[in-house]
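this one's sequence-less:
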């Protein structure tokens, strides 16, 4: 793992290893350092089939594995994951939203705990 990313939990998947620049169906959940769930007001990713669950605390979306589509901590933290797997990561601010945060959702310089599950690959 890169400096600034701590692997908290890793449940290996049984499918193929994820590959950068391909699109996968992901389930993402985030928590602030004190354990408060990050609640999004609208889904992101490929919005034609992105949904929020659990009152905005869980995003399920098709997302292309590219640095421009995910925070760096999730992008690098997914390295070596397999389809069907789940990882829980602690991500330092410089690999998350940094000093800008996300107004009204994530404070500046927040350490995040992120859980990512690779549900499947989207085949075009």
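Ah, there it is. Computed from a prediction, not measured in an experiment: that's the story for all the values here. Numbers count the residues shown, from 1 in each chain.

run through this protein and note the low-pLDDT ranges.
Residues of the chain that meet the criterion pLDDT under 70 lie in 46-47, 124.

show me the helices in it, by range?
72-77 (DSSP state H).

so who does residue 24 touch?
Counting by Cβ atoms under 8 Å, 6 or more residues apart in numbering, residue 24 touches 18, 62, 63, 65, 83, 118, 119, 120, 121, 122. In short, each C-beta sits where N, CA and C put it, glycine included.

residue 37 too?
Taking Cβ under 8 Å, 6+ apart, we find residue 37 in contact with 29, 30, 31, 54, 57.

drop anything exposed from these.
Using 16 or more other Cβ atoms under 10 Å as the burial test, the contacts of residue 37 include 29, 30, 31, 57 as buried.

quick check: closest non-adjacent residue to the third one.
Read it as residue 31. residue 113 (4.4 Å; Cβ to Cβ, 6 or more residues apart in numbering).

who does the one you found bridge with?
Applying DSSP bridges to residue 113 yields these beta-bridge partners: residue 31, residue 90.

my guess is residue 72 contacts residue 93, does it?
No. Look at residue 72 against residue 93 with Cβ atoms under 8 Å: they stay out of range, at 10.8 Å.

comparing those two, which residue is more hemmed in?
residue 93 (20 against 17; other Cβ atoms under 10 Å).

excluding its backbone neighbours, what's nearest the more buried one?
Of all residues not flanking residue 93 in the chain, residue 109 sits nearest, at 4.5 Å (Cβ to Cβ, 6+ apart).
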